[in-house]
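**Q** Below: sequence and its predicted model.
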Amino acid sequence: MHIMEGGLSWQWCLVWWVIALPCLVYGIHQLKKTLAADREALPLLGVTGGFIFILSSLKLPSVTGSCSHPTGTGLSAISFGPWITSLVCTVVLLFQSLFLAHGGLSVLGANIVSMGLVGPLAGYTIYRLLRETSIGIYPTVFFVTALTDIFTYVTTSLELALAYPSETGGVAGSFILYLAVFAVTQIPLAIVEGIVFALVFKYIITLKPDILIRLNIFSEEKINAIRSEF
Amino acid sequence: MQFRYSLETLTVVAIVGFCIVFLYTSSTMSGAEFAGSDTVGSQLTLKLSGTPEEHFRPLIPQWEPPSSEIEASLFALQAAVGGILVGGVFGYWIGLKKKG
């Protein structure tokens, strides 16, 4: 989903930076607040950040004949919301910009908006909706993590379509072309990512259920219902 | 009673299924290069912009890994950092649980 350095005009880079920066500042505020309230949230943040590091480094082949990488941001979106997730993503994207020439500093704002903000925000919204229903924890984690991944690539497609509208179809035509490249490749990867994260969540519930209850990620009833199955 | 390892089984089946589908498609698709979707997206950008590739220059100068081997090792380093974080915290939690 990385837009290459030089892939956007300076005007578009500025637009995405203007959107990303206030969200990052709010993310710092949220992080301070969360850690001040419960220091035990820090290891969970380490796990969610660790998965973003691992999964965004794995370029996997997909059925479309090209490779892509999962984003790994869904678990962080569920646990800490989109604002803190955008901060963790910024660290990963900065590493990749500086040392791997993946993305770049000028387009970092655009990449933060897609991977760190819109994808996790969409996932977080779905999580909030599903949390209040009778749908179980594992299906919720599956849907949220898979859709967070896909929405990231949809956003990248939109960012590029806005910058490069096609001559015949305009922004919409270009958006469909980019979607065919990014989002379609991503669907099988997102499904596997969703299943893997459901399993990861099972181990978090097994080892540290109290932090999930204290951070109000899922209700005590739902977590205890799962624990009784172990 | 529910099977205790149903989620583990599902995960293994999904990963193995994904590998089988990949092996099948990679052997039957003609012209599949398995290039990164970022690269394919960049090619589409070049096409849509109508600008020759040499006109695309970084707005901010950027260091690039001198070879694909070095790039691969840096990607591995990134994954290792994540692995250390995840493994370290899960180990910490297991230790806490054992201590009671």
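**A** Looks like it came in fine.

**Q** Give me the contacts around the helix or strand of chain B with the lowest mean pLDDT.
**A** Lowest on mean pLDDT, DSSP states H and E among the helices and strands of chain B sits strand B:35-36, with a mean of 76. Contact partners of strand B:35-36, identified using C-beta atoms under 8 Å, 6 or more residues apart in numbering or on different chains, comprise A:Lys59, A:Ser66, A:Cys67, A:Ser68. Every C-beta, even on glycine, is put in place using the N, C-alpha and C of the backbone.

**Q** just how off-centre is the helix or strand following it within its chain?
**A** Using DSSP states H and E, the helix or strand that follows strand B:35-36 towards the C-terminus is helix B:37-49. Computed by C-alpha atoms, centre = their mean, to the nearest Å, the chain-centroid distance of helix B:37-49 equals 19 Å.

**Q** Need the CA coordinates for helix B:37-49. PDB is fine.
**A** Backbone C-alpha positions of helix B:37-49 (Å, rounded to 0.1, in the frame of the first residue of the first chain) are rendered in PDB as follows:
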ATOM      1  CA  SER B  37       1.400  -4.600  -5.700                       C
ATOM      2  CA  ASP B  38       3.200  -1.400  -4.900                       C
ATOM      3  CA  THR B  39       5.300  -1.900  -8.000                       C
ATOM      4  CA  VAL B  40       2.200  -2.800 -10.100                       C
ATOM      5  CA  GLY B  41       0.500   0.300  -8.600                       C
ATOM      6  CA  SER B  42       3.500   2.500  -9.500                       C
ATOM      7  CA  GLN B  43       3.400   1.200 -13.100                       C
ATOM      8  CA  LEU B  44      -0.300   2.100 -13.300                       C
ATOM      9  CA  THR B  45       0.500   5.600 -11.900                       C
ATOM     10  CA  LEU B  46       3.100   6.000 -14.700                       C
ATOM     11  CA  LYS B  47       0.500   5.000 -17.300                       C
ATOM     12  CA  LEU B  48      -2.300   7.300 -15.900                       C
ATOM     13  CA  SER B  49       0.000  10.300 -15.500                       C
END
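
**Q** The very next helix or strand once past that helix packs against which elements?
**A** Later in the chain than helix B:37-49, the nearest helix or strand by DSSP H and E is helix B:68-99. Under the contact definition 3 or more C-beta pairs under 8 Å, 6 or more residues apart in numbering or on different chains; DSSP states H and E, helix B:68-99 sits against helix A:41-55, helix A:74-100, helix A:170-207.

**Q** what mean pLDDT does helix B:68-99 have?
**A** The pLDDT scores in helix B:68-99 average 95.

**Q** In it, which residues are buried?
**A** Residues of helix B:68-99 classed as buried: B:71, B:74-75, B:78-79, B:81-83, B:85-86, B:89-90, B:93 (neighbour count, 16 or more other C-beta atoms under 10 Å in any protein chain shown).

**Q** Could you work out the most separated pair of those residues?
**A** Using C-beta to C-beta, the pair of the buried residues of helix B:68-99 lying farthest apart is B:Glu71 and B:Trp93, separated by 33.8 Å.

**Q** hmm, back to that, what is the lowest-pLDDT residue among the contacts of strand B:35-36?
**A** Note: of the contacts of strand B:35-36, the lowest pLDDT belongs to A:Ser66, at 81.

**Q** Go through the helices and strands packed on helix B:68-99 and name the closest to chain B.
**A** helix A:41-55 (2.9 Å; C-beta to the nearest C-beta).

**Q** ok, residues contacting that closest one?
**A** With C-beta under 8 Å, 6+ apart as the test, helix A:41-55 has contacts from A:31, A:34-35, A:69-73, A:75-76, A:79-80, A:84-85, A:88-89, A:91-92, A:193, A:197, A:200, A:204, A:208, A:211, A:215, B:78-79, B:81-86, B:88-90, B:92-93.

**Q** ok, residues contacting the helix or strand just after it?
**A** Where DSSP H and E defines the elements, the next helix or strand beyond helix A:41-55 is strand A:60-61. The contact list for strand A:60-61 (C-beta under 8 Å, 6+ apart) reads A:Cys67, A:Ser68, A:His69, A:Pro70, A:Leu189, B:Phe22, B:Ser26, B:Phe34.

**Q** Which single one of those is nearest to A:Glu229?
**A** Out of the contacts of strand A:60-61, the member with the shortest distance to A:Glu229 (by C-beta to C-beta) is A:Pro70, at 27.2 Å.

**Q** List every C-alpha atom in stretch A:166-186, with coordinates, as CSV.
**A** Coordinates of the C-alpha atoms in stretch A:166-186 are reproduced here as CSV (Å, rounded to 0.1, in the frame of the first residue of the first chain):
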residue,chain,number,x,y,z
SER,A,166,-7.9,8.7,-15.7
GLU,A,167,-8.6,10.6,-18.9
THR,A,168,-11.8,8.7,-19.7
GLY,A,169,-13.3,7.8,-16.3
GLY,A,170,-11.9,10.6,-14.1
VAL,A,171,-11.3,9.9,-10.4
ALA,A,172,-13.9,7.1,-10.3
GLY,A,173,-12.4,5.3,-13.3
SER,A,174,-8.9,5.6,-11.9
PHE,A,175,-10.1,4.4,-8.5
ILE,A,176,-11.5,1.2,-10.0
LEU,A,177,-8.2,0.6,-11.8
TYR,A,178,-6.2,1.1,-8.5
LEU,A,179,-8.7,-1.1,-6.6
ALA,A,180,-8.1,-3.9,-9.0
VAL,A,181,-4.4,-3.7,-8.3
PHE,A,182,-4.4,-3.2,-4.6
ALA,A,183,-7.7,-4.3,-3.0
VAL,A,184,-8.3,-7.5,-5.0
THR,A,185,-4.8,-8.8,-4.3
GLN,A,186,-5.4,-8.1,-0.7
